[in-house]
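Peer 1: coordinates only, sequence not included:
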């Protein structure tokens, strides 16, 4: 009964066994505003890369970090404001993919005991900054575009963490 990290976390372009697009590709498709037109909206949200570095994070921690990150993205994009900002079919597909990943990761997270809280707290603070930014910018299209691009970067970093852990197995 255990969980195997290599089968549970797909951020790539598609899941061959289900023929579904991965969340990164869906996030790219969700772009509605040219990024260059939103340059004055840019902000450094201070993604906690150092705390999530694969060399420092043990497998038990990594699973919790991946779960927390996926949960936070799901929460951010499942708001009423998000549904007003994005194309509904793409957003629904994106949220369904995140929900499936959360479900897959849940079995692994419940097996982990004594996971250090520091990386999880750092992630929660990061997502809080994203939420505060969106509210401060009144959920305008450029604000959502900046957050979408930021989530692409943060998911890419978590995919790198996942790949480093997978290569250690």
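Peer 2: Looks like it arrived, so ask away. As the structure is a computational prediction, the values presented were derived from the model and not from experiment.

Peer 1: Based on its surroundings, how many neighbours for residue 79?
Peer 2: Residue neighbour count, defined by other CB atoms under 10 Å, stands at 13 for residue 79. To be clear about C-beta, it is placed using only N, CA and C from the backbone, and glycine gets the same treatment.

Peer 1: what residue ranges in this protein score low on pLDDT?
Peer 2: Scanning the chain for pLDDT under 70 picks out 1-21, 53-57, 59-60, 110-116, 160-162, 164-169.

Peer 1: what residues are up against residue 23?
Peer 2: 11, 73, 94, 97-98, 101, 155 (CB atoms under 8 Å, 6 or more residues apart in numbering).

Peer 1: So the residue nearest to residue 78 when sequence neighbours are not counted, which state does it fall into?
Peer 2: Distances taken as CB to CB, 6 or more residues apart in numbering put residue 95 closest to residue 78, at 5.7 Å, once the chain neighbours are dropped. Classification of residue 95 by DSSP: H, G, I helix; E, B strand; the rest coil places it in helix.

Peer 1: Show me which of the contacts of residue 23 is closest to residue 135.
Peer 2: When these are ranked by distance to residue 135 (CB to CB), residue 73 comes first, at 17.1 Å.

Peer 1: Any idea how far the strand or helix carrying the closest one is from the middle of the chain?
Peer 2: Assigned by DSSP states H and E, residue 73 belongs to helix 59-77. What separates the centre of helix 59-77 from the centre of its chain is 7 Å, taken as CA atoms, centre = their mean, to the nearest Å.

Peer 1: now for the very next helix or strand once past that helix, which elements pack on it?
Peer 2: Scanning forward in sequence from helix 59-77 by DSSP H and E, the next helix or strand is helix 80-85. If contacts are counted by 3 or more CB pairs under 8 Å, 6 or more residues apart in numbering; DSSP states H and E, helix 80-85 sits against helix 141-168.

Peer 1: Now do the helix it packs on against helix 59-77, angle only.
Peer 2: 160 degrees (axes from the mean of the first three to the mean of the last three CA atoms, to 10 degrees).

Peer 1: Give me the helices and strands touching helix 141-168, please.
Peer 2: Checked by 3+ CB pairs under 8 Å, 6+ apart, helix 141-168 has helix 23-29, helix 59-77, helix 80-85, helix 118-136 packed alongside it.

Peer 1: Please point out which parts of the third one sit buried.
Peer 2: Going back to what we said before, that points to helix 80-85. Using 16 or more other CB atoms under 10 Å as the test for burial, helix 80-85 gives 82, 85.
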